[in-house]
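[1] for reference, the sequence and a predicted model appear below.
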Amino acid sequence: MYQQVLEDLLKNKKNFVFIGEAGSGKTEISLSLAVYMTKLTDKEVHLFDMDQTKPNFRARDVAKKMEEQGVSLHYHEQILDTPNVVPGVKEHLKNPDAYILMDIGGGAYGSHMIGQFHNELNTEDSIVFYIINPYRPWSRNLEDIQITMQKVLGSARLRSFSIVGNPNLGMHTTVEDVVEGMDKLHEYCGDTPIQFVCVLEENCAEVEKQISEPVVPINLHTLPDWMYKS
């Protein structure tokens, strides 16, 4: 099912922005989708690491791995806390022969740096994915989500967005955790549609039986090997 979701997106969009609360899962989602896209298109796939808000678990940490899988990963070396902007963003956003994914830093502070690209992103060929993990501290009720969302989207100067569900408690998330998290999201979001739900690949088959939204499998790319040891 997820392949059809991505194929439909690739037919209508070329620029994909991943934004939301800190720790919502933007980086792992953007990395996984970038890899999938390389398998579905002959066009170039470029991922821009725009995250300047945390020192660890960033897309740039797996740049070589992404390049080996056909994803061109762009980032700017960070000097202390200086928020350097990756070069070439506008040129790539305007390139009709390439797909662009942008992993944006969490919260209003992280999203502020892409406000300068609002003219290129508030277009019909761009889509903004607002990632929500209902288990995160500032996404545990509707009021918190709305306040955070307004700050993030306002700082980024973005007019529209699509919600993506990413209910998880880390690498040991169970099927039950996902389903309970989706119940929370439905309660919070009401009639607002959820574009798709991101789920660890090993849980996808069971989750698909229990929720109505399309499920997109996610693989964890940025975790170091020692974190997998019990």
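    Okay, I see it.

[2] okay, and the helix or strand of the chain with the least pLDDT?
    helix 107-112 (a mean of 74; mean pLDDT, DSSP states H and E).

[3] tell me the first helix or strand C-terminal of it.
    Next in sequence after helix 107-112, counting helices and strands by DSSP states H and E, comes helix 118-121.

[4] and that following helix, what does it pack onto?
    Secondary-structure packing of helix 118-121 (3 or more CB pairs under 8 Å, 6 or more residues apart in numbering; DSSP states H and E): strand 15-20, helix 89-93. All C-beta spots, glycine's among them, are computed from the backbone N, C-alpha and C.

[5] on that earlier part again, in the least confident helix or strand of the chain, what counts as buried?
    Neighbour counts over helix 107-112 (16 or more other CB atoms under 10 Å) mark G107, A108, G110, S111, H112 as buried.

[6] can you name the residues in contact with that helix?
    19, 21-22, 50-53, 104-105, 148, 151-156 (CB atoms under 8 Å, 6 or more residues apart in numbering).

[7] hmm, try it at 6 Å
    With contact meaning CB atoms under 6 Å, 6 or more residues apart in numbering, helix 107-112 is reached by I19, A22, T53, I104, K151, V152, S155, A156.

[8] and if you look at stretch 62-77?
    With contact meaning CB under 6 Å, 6+ apart, stretch 62-77 is reached by 34-35, 38, 45-49, 60, 84, 86, 221-222.

[9] farthest pair within those residues?
    T38 and N84 (26.6 Å; CB to CB).

[10] looking at those two, which is more packed in?
    More crowded of T38 and N84, by other CB atoms under 10 Å: T38, with 17 against 12.

[11] model confidence for that one, exactly?
    Looking at T38, its pLDDT is 95.

[12] that one belongs to a helix, doesn't it?
    Yes: per DSSP: H, G, I helix; E, B strand; the rest coil, T38 lies within a helix segment.

[13] distance of it relative to Y2?
    15 Å (CB to CB, to the nearest Å).

[14] next: N133.
    To Y2, N133 is 19 Å away according to CB to CB.

[15] settle it for me: which of the two has more neighbours?
    Legend: neighbour count by other CB under 10 Å for N133 and Y2, higher for N133 (25 against 21).

[16] for that one, give me its contacts.
    Counting by CB under 6 Å, 6+ apart, N133 makes contact with S24, G25, N166.

[17] tell me the confidence at it?
    The model reports N133 with a pLDDT of 95.

[18] hmm, back to that, taking the contacts of helix 107-112 one by one, which sit in strands?
    I19, I104 (DSSP state E).

[19] lowest-confidence member of the contacts of helix 107-112, which is it?
    Least confident of the contacts of helix 107-112 in the model: T53, at 61.

[20] neighbours around Q195, how many?
    17.

[21] report how many residues lie close to the nearest residue to Q4 once chain neighbours are set aside.
    With CB to CB, 6 or more residues apart in numbering as the criterion, Q4 has its nearest non-adjacent residue at 7.8 Å, and that residue is P214. Residues within reach of P214, counting by other CB under 10 Å, total 16.
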